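Q: quick check, what structure comes out for this input:
(chains A, B, C and D)
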Protein chains: 4
Amino acid sequence: MVVRVGVIGVGMIGEDHVRRLSRVLSGSEVVAVTDVDPARAQEVVGRAPGARLHTSGEDLIGDDDVDGVVVASWGPTHEQFVLACIGAGKPVFCEKPLATSRRSCERIIDAEVAGGRRLVQVGYMRRYDAAYRALKATVVSGSIGAPLMVHCAHRNPSVPPMFTGEMLISDSAVHEMDLSRWLLDEEIVAVRVLEPRRNSRAPERLRDPLLFLFETSGGVLVDVELSANIGYGYDIRCEVVGESGTVSLGDEGELRVVREGVRATRVPRDWRDRFLRAYDVELQAWLDAVAAGGCTGPSAWDGYATAAVADACLEALGTGERCIVTLRERPDLYATAR
Amino acid sequence: MVVRVGVIGVGMIGEDHVRRLSRVLSGSEVVAVTDVDPARAQEVVGRAPGARLHTSGEDLIGDDDVDGVVVASWGPTHEQFVLACIGAGKPVFCEKPLATSRRSCERIIDAEVAGGRRLVQVGYMRRYDAAYRALKATVVSGSIGAPLMVHCAHRNPSVPPMFTGEMLISDSAVHEMDLSRWLLDEEIVAVRVLEPRRNSRAPERLRDPLLFLFETSGGVLVDVELSANIGYGYDIRCEVVGESGTVSLGDEGELRVVREGVRATRVPRDWRDRFLRAYDVELQAWLDAVAAGGCTGPSAWDGYATAAVADACLEALGTGERCIVTLRERPDLYATAR
Amino acid sequence: MVVRVGVIGVGMIGEDHVRRLSRVLSGSEVVAVTDVDPARAQEVVGRAPGARLHTSGEDLIGDDDVDGVVVASWGPTHEQFVLACIGAGKPVFCEKPLATSRRSCERIIDAEVAGGRRLVQVGYMRRYDAAYRALKATVVSGSIGAPLMVHCAHRNPSVPPMFTGEMLISDSAVHEMDLSRWLLDEEIVAVRVLEPRRNSRAPERLRDPLLFLFETSGGVLVDVELSANIGYGYDIRCEVVGESGTVSLGDEGELRVVREGVRATRVPRDWRDRFLRAYDVELQAWLDAVAAGGCTGPSAWDGYATAAVADACLEALGTGERCIVTLRERPDLYATAR
Amino acid sequence: MVVRVGVIGVGMIGEDHVRRLSRVLSGSEVVAVTDVDPARAQEVVGRAPGARLHTSGEDLIGDDDVDGVVVASWGPTHEQFVLACIGAGKPVFCEKPLATSRRSCERIIDAEVAGGRRLVQVGYMRRYDAAYRALKATVVSGSIGAPLMVHCAHRNPSVPPMFTGEMLISDSAVHEMDLSRWLLDEEIVAVRVLEPRRNSRAPERLRDPLLFLFETSGGVLVDVELSANIGYGYDIRCEVVGESGTVSLGDEGELRVVREGVRATRVPRDWRDRFLRAYDVELQAWLDAVAAGGCTGPSAWDGYATAAVADACLEALGTGERCIVTLRERPDLYATAR
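A: Have a look, this model is predicted:
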């Protein structure tokens, strides 16, 4: 079965999904496109033979030729489009964040639960990275014993001048929030955010780096160094410390060059360089699930729980204090193992 | 454009190509299948909706619905099918070897040259491996200086009992023959094959390991350790030594596990484990070229030149002597940079 | 000049120092030995030709043939022997801890300052480890920018059943306290001690692992994972994160073995396996300084400051709260760059 | 016991041995020095308190205060001094080469055998490198199966303009000759020397790099890349390929720096940077053996066998042909396991 996809929002990430759906993945066809900027949408449609331009997301969602929807528009619009998809009974792949507030996420959960079946997948693409998957498989295998701690680093070469501390939480650290929950299969119950010496390379007024500390329901302690302006490249690290061993992401890359006194391996330039393939795998998994009539992957619950952790981090920011994360009861719809 | 593909031969590798063309790659459809074993072909057709069963390769090649042909049948049949494709003016992707004799390869070259355009791509998939491509890019960049030597190791965990020394050359070392030519953009002009102490784990009478030495037209010396029964895994190494630096394939993998006194990374189990993704990239590149009306990648000339090197190795085997590789003049059709 | 050394306390570490001074290092002679267990002392004297048995540390310190003293006795005795050495104007190398209370350390500082010259070196041997020295040299060089964070792990395969949380601080984490101060050339001004999920392999009632967080006067944040029962080996890690790069201890070791599906490097078994050579370098540096009439290396101030940090950690243990470290004013005697 | 050492020849390496014996190692005293350049000898004596100046090597050897002799003079003088030491019944540590011709080596062997006990140690210091020792221990342990091949690289940043191809053999490759024999405990029975494309950075007329191929009595094949002008640093590699695994020297070093897009480890600058510590261990082992009244380490036989292999390589150079190494019968004196 070929899945006919409509794409809402064709900015950088949305346009890349159109390319991916049209020219990389198997079993999909982009049949509909819309964007808040019609000229932009028109341009993308021009490069996707067979795609039709829609004037609104609701219009696109209502198109009978659309089997599934990709939401890649501006964050504040996610809730309305995801709710519309649920209303139309159509599978929706929503880029992170699921919604911009905890309350919005709850409305989505309520709607999905009322409908009685999962329709929403949230775009936490790191879960589809081969290395992270192998990492989780090792943890689950028990070969390092029960996990006790996780050490993470999330380093960006730089961020734009307007970047705020809030965005370090909601745009960057959010990845480690979701991953910690997924790797450990436990919720995060408390957080701390500490502020090391400020990097003078950071945009003025931005507290960078930050050190996050997450406690899970099982007592695992996760520390996350978030460095947004380290300059040298995009560097993602993760080590799970178990009772009798550890497992960590390799980072040596595919080549080794020796010259001018050093043995060197390359650091990825940016997140595309590191995670591009994960986006392919992620969206193919969504297509395969849609073709099979189901929905898998990160759920609306994952979007909600992560939003709750981010809220607690925002509360903790600047205080050094421990803040509690509270979650509503988990609906049965999301009870299946991730 | 969707490329409609016919597949000749659906043994292990052919069947895998059907899966790849149907469920992994973008822009292809398997419309025709044939195999020397009709039951086998029928079984594969049953899993590829829209594919038709053909009673012979020639029949399949003549089918107007077939835009391009994948030849994955038994080696001795390659020549006839490739020639038939050339005759029909259809692009053909032929698994290695291009043909089982140097003379056969020459007939293919003659036919393709007579037709005046490239239609043949040979399945040297390592050229599509991301690490090898990055390796070549580094060599070409000049950052390690002009290449002087290449050190390779090609290690298999084991080979079946019937494996012969000839097969170590034509099935295994053939990869390093093609890669050396491609990495250095020079032909191999002489070879030696040395026989170290025999591995007692090898099947009886098989000389294993072997050490190959290739000299290129520019004087680069390539040494290749071929170990067919090393047991521990599938391990492919390549280091290019330049005038002022070296570049080599990384081999640390995606994970690092520390337990029981050792830090460990995993060795691939077999060639699938190591090169599976390269097959995807290779065949997608072929599809994209076919859709664009052209043909790229390893050519019939590459198939021929590699066959000539293999012949020289067979001659050298058991003697320890240096054997010369002779090639006919290279037709202009194959003059473009690889 | 040959330095004639007297050794007080010949338990495991003291006996090893006798061996080192007699058979490994240059320019020393062990002339006097004493121990609380006379039989033990007699045994060691028997293996050190030219050494004389003393009935007490004070007696040994007063021996005119003794140029310098090594104190390797039980911690609670350190203060009296170090003070006696200062009183006698003799250089003393004192194994850590300098003394078992902050107040004791202050008395030593007072005595040394009163004497007007440095006589005390404390046995923080990691400062003499080649890798840590190279790490510091890189930090000081400025090539990674100003340091912002330090990530450490200190993992032991196991500890004896009687080990307490206090000992995790005063015997284990004390190394990272001194090293952080030395690497950054800043004092630690506040600490936190967090308790991840407990390792079920740890002796009953021992909270293990712990996560320490140190803040320095310049705002650098140091996190230290202390795992006392990780089983797999002795693993010491340290990464300094600067404004534009990082530097970390290598840990790949001298050999790489590939077999049975893995590439492996060896983890040290214990601290001897990892730091044995650092003890040689440390004590040779002390001998050379003594022969030159001076005293270098970790000072009584370093012993005192570390004791103050340890006190704050003890206060913080079990609370999760931030505790302040207070230090007296630093005497000029200890003002020289470390 | 303090070994009183006389040093013949105090050029760069000899002077360094004087420093080592005086200020680094345990249990030695330099009591006598001589050099073909009396001013040079006088200068060194001035820095070695207690050492006496001798006008000739024979004079020094005859000095009753000299317990053991270090020969670090010009190669062509080695034979006479070593023979004189044997004649005087004194242990002698002779820097490589043992002698400059195979015939000279044989005379030394004859003299030592006639005396009935080993007095000669040859300065193959790599056998005392911790990594090579661990490598050999792994091979001997059987954990990688019986060795079949050895891959070596010996890379120098540069050599002086007057360097000749003969010196690449007798000064550089000689290390791998000795090491191969030691690692495998087998003699080398045949050699080939191949000439890859010439490095344009090499001094004019020098064929550089070279590829050596050694066959041992047990059929193990050793390949050695010798690159004398690779510029980037001093890089020594060795991998032993066994029937079921491999073991190789680690080369990641003690630090890892990440900056400007690369993760880097440092390559040693030169042989001192890489092997300095091995010289300490080597000479301490000699001192300990002398103090114990014996002689261990690389023997006159090792010096002789290596000279024979070097002779065969000289014969093979420029021909590409296989040359046989012939050895006289091995005297019982050298029968003990190495």
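Q: these two touch, right, residue A:225 and residue C:239?
A: No: if you go by C-beta atoms under 8 Å, residue A:225 and residue C:239 don't touch, sitting 9.5 Å apart. For the C-beta atoms, the positions are set from N, CA and C on the backbone; glycine is no exception.
Q: tell me which of the two has more neighbours.
A: More crowded of residue A:225 and residue C:239, by other C-beta atoms under 10 Å in any protein chain shown: residue A:225, with 26 against 20.
Q: gap between residue A:153 and chain C?
A: Using C-beta to the nearest C-beta, to the nearest Å, residue A:153 is found at 8 Å from chain C.
Q: ugh, typo on my part, it should be residue A:176
A: Residue A:176 is 15 Å from chain C, where distance means C-beta to the nearest C-beta.
Q: nearest residue to that residue in space, please, no chain neighbours.
A: residue A:224 (4.6 Å; C-beta to C-beta, 6 or more residues apart in numbering or on different chains).
Q: pretty sure the one you found is in a strand, no?
A: Yes: assessed by DSSP: H, G, I helix; E, B strand; the rest coil, residue A:224 belongs to a strand.
Q: need the contact list for it.
A: Counting by C-beta atoms under 8 Å, 6 or more residues apart in numbering or on different chains, residue A:224 touches A:152, A:153, A:154, A:173, A:176, A:211, A:212, A:213, A:214.
Q: pretty sure the fifth one is in a strand, no?
A: It refers to residue A:176. No: Residue A:176 is assigned helix when assessed by three-state DSSP, not a strand.
Q: how much space is there between it and residue A:248?
A: Note on residue A:176: its distance to residue A:248, by C-beta to C-beta, to the nearest Å, is 14 Å.
Q: do the same with the third one
A: Taking C-beta to C-beta as the criterion, residue A:154 is separated from residue A:248 by 14 Å.
Q: could you do the first one as well?
A: With distances taken as C-beta to C-beta, residue A:152 is found 10 Å from residue A:248.
Q: so which of those two has more stuff around it?
A: Per other C-beta under 10 Å, whichever of residue A:152 and residue A:248 has more neighbours is residue A:152, with 24 against 21.
Q: follow-up on the earlier one: between residue A:152 and residue A:248, which contacts overlap?
A: In contact with both residue A:152 and residue A:248: A:237, A:238, A:239, using C-beta under 8 Å, 6+ apart.
Q: after the host helix or strand of the last one, next one along is what?
A: Here residue A:239 is covered by strand A:235-242, with elements defined by DSSP states H and E. Following strand A:235-242 in sequence order, the next helix or strand is strand A:245-249 (DSSP H and E).
Q: which strands or helices does that next one pack on?
A: helix A:130-141, strand A:235-242, strand B:255-259 (3 or more C-beta pairs under 8 Å, 6 or more residues apart in numbering or on different chains; DSSP states H and E).
Q: contacts for that strand next, please.
A: Defining contact as C-beta under 8 Å, 6+ apart, one finds that strand A:245-249 is touched by A:131-132, A:135, A:138-139, A:143-145, A:236-240, B:254-260, C:230-232.
Q: quick one: distance of that strand to the chain centre.
A: 22 Å (C-alpha atoms, centre = their mean, to the nearest Å).
Q: and that strand, which strands flank it?
A: When pairing is defined by DSSP bridges, strand A:245-249 lines up against strand A:235-242 (antiparallel), strand B:255-259 (antiparallel).
Q: save the ones you listed as TSV, and put in distance to residue C:59 too.
A: Shown next, in TSV, are the strands paired with strand A:245-249 (distance: least, C-beta to C-beta, whole Å):
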stretch	distance to residue C:59
strand A:235-242	49
strand B:255-259	49
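Q: lowest average pLDDT across those strands?
A: Least confident of these, judged by mean pLDDT, is strand B:255-259 with a mean of 94.
Q: tell me which helix or strand comes right after the longest helix seen in chain A.
A: Across chain A, the helix with the greatest residue count (assigned by DSSP state H) is helix A:271-291. Going down the chain from helix A:271-291, the next helix or strand is helix A:300-316, by DSSP H and E.
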